[in-house]
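Enquirer: Here's my sequence, what's the structure:
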Amino acid sequence: MSQASAGAALCVRGLSRVYDDHYALVALDATFPPGTITALLGPNGAGKSTLMGMLSTLMRPTEGEIRLGDAPLTDAPKVRGRIGYVGHRTMLYGPLTARENLSFFARLYGVPEAASRVDAALVDVGLGRDGDRPVDGFSRGMAQRLTLARALLSDPDLLLLDEPFTGLDQQGLEVASRLVRKRREAGAVVVLASHDLALTGTVSDRALILRRGRKVYEGPLNGDLGALYAKHTGEAA
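Expert: Down below sits the predicted model:
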């Protein structure tokens, strides 16, 4: 993380997204402080995936703005290298090895000392011995670990995690939790969307809860995350 961008908050103001005549997200105002993990929660159709799509610059808002520090996220080419993203799909290149996948990403975003960073990233996620294996031979959990390694490779200022625990065994869950906390400790903004509220509650500092495209809660985690979710959505966790 560069000194210029360290400690940058993510700010969303008046953010809306319309599909045809349907608002998937309505006039959202939210602030994600640096050095925190925010649990992004809500029932199906609440707008979580839409928000993640816009925060990752893969989707443009209909209205409103998103800023990471002083930089607008609408200027995608300039900010995309500052964003790490784990989505529903791994978006890995199956015929390439794990090392080749990470090396390609490192070249794409100008990661310095790429070779040593790639080696370290593979070790960090427990794939140090699998770096030269083609990814299409990986289990779902191994592919998920590699996707996390790719998201963390550039030491992102903004780390977006959409169901990052999918397919991970207990060891993988512990590795992922440790690495996400480490990124928080480095001052990054972390946004975590997951249906595993028990695990999410152990790593998150605060929550943003959406319902029908609108914010119904933003603030610290006070007590049980499942109870907080039920209170503001009217649905059991």
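Enquirer: hang on, isn't residue 162 packed against residue 86?
Expert: Yes - counting by CB atoms under 8 Å, residue 162 does reach residue 86; the two are 6.3 Å apart. Heads up, the C-betas are built off the backbone N, CA and C, glycines and all.
Enquirer: neighbour count winner among those two?
Expert: For residue 162 and residue 86, the more surrounded residue by other CB atoms under 10 Å is residue 86, and the numbers stand at 28 against 22.
Enquirer: pretty sure that one contacts residue 148?
Expert: Yes - using CB under 8 Å, residue 86 makes contact with residue 148 at a distance of 5.8 Å.
Enquirer: nearest residue to residue 117 other than its sequence neighbours?
Expert: Of all residues not flanking residue 117 in the chain, residue 111 sits nearest, at 5.8 Å (CB to CB, 6 or more residues apart in numbering).
Enquirer: ok, how many other residues are close to the one you found?
Expert: 19.
Enquirer: Just the pLDDT at it, thanks.
Expert: On pLDDT, residue 111 comes in at 93.
Enquirer: same question, residue 4
Expert: 37.
Enquirer: Dump the one helix or strand residue 210 maps to to PDB, restricted to CA.
Expert: Secondary-structure assignment from DSSP states H and E places residue 210 in strand 206-211. In PDB, the C-alpha atoms belonging to strand 206-211 read as follows (Å, rounded to 0.1, in the frame of the first residue of the first chain):
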ATOM      1  CA  ARG A 206     -19.000  -3.500  11.700                       C
ATOM      2  CA  ALA A 207     -21.900  -4.300   9.400                       C
ATOM      3  CA  LEU A 208     -23.900  -2.800   6.500                       C
ATOM      4  CA  ILE A 209     -27.300  -4.400   6.200                       C
ATOM      5  CA  LEU A 210     -29.400  -4.000   3.100                       C
ATOM      6  CA  ARG A 211     -33.000  -4.800   2.400                       C
END
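Enquirer: what element comes up after that strand heading to the C-terminus?
Expert: strand 214-220.
Enquirer: what lines up beside that following strand in the sheet?
Expert: Next to strand 214-220 in the sheet, as set by DSSP bridges, lie strand 206-211 (antiparallel).
Enquirer: rewinding a little: so what sits against both of residue 86 and residue 148?
Expert: residue 164 (CB atoms under 8 Å, 6 or more residues apart in numbering).
Enquirer: Any stretches of the chain with poor pLDDT?
Expert: 1-6, 76, 237 (pLDDT under 70).
Enquirer: for the residue nearest the centre of the chain, helix, strand, or coil?
Expert: Nearest to the mean C-alpha position of the chain, counting by CA atoms, centre = their mean, stands residue 160 at 1.4 Å. Three-state assignment for residue 160 (DSSP: H, G, I helix; E, B strand; the rest coil): strand.
Enquirer: So what touches the helix or strand where residue 173 lies?
Expert: Taking DSSP H and E as the criterion, residue 173 maps to helix 170-185. The contact list for helix 170-185 (CB under 8 Å, 6+ apart) reads 35-37, 84, 124-126, 141, 144-145, 148, 152, 155-156, 159, 161, 164-165, 168, 190, 192, 199, 202-203, 205.
Enquirer: List only those of those residues flagged as buried.
Expert: Among these, those classed as buried by neighbour count (16 or more other CB atoms under 10 Å) are 35-37, 84, 124-126, 141, 144-145, 148, 152, 155-156, 159, 161, 164-165, 168, 190, 192, 199, 203.
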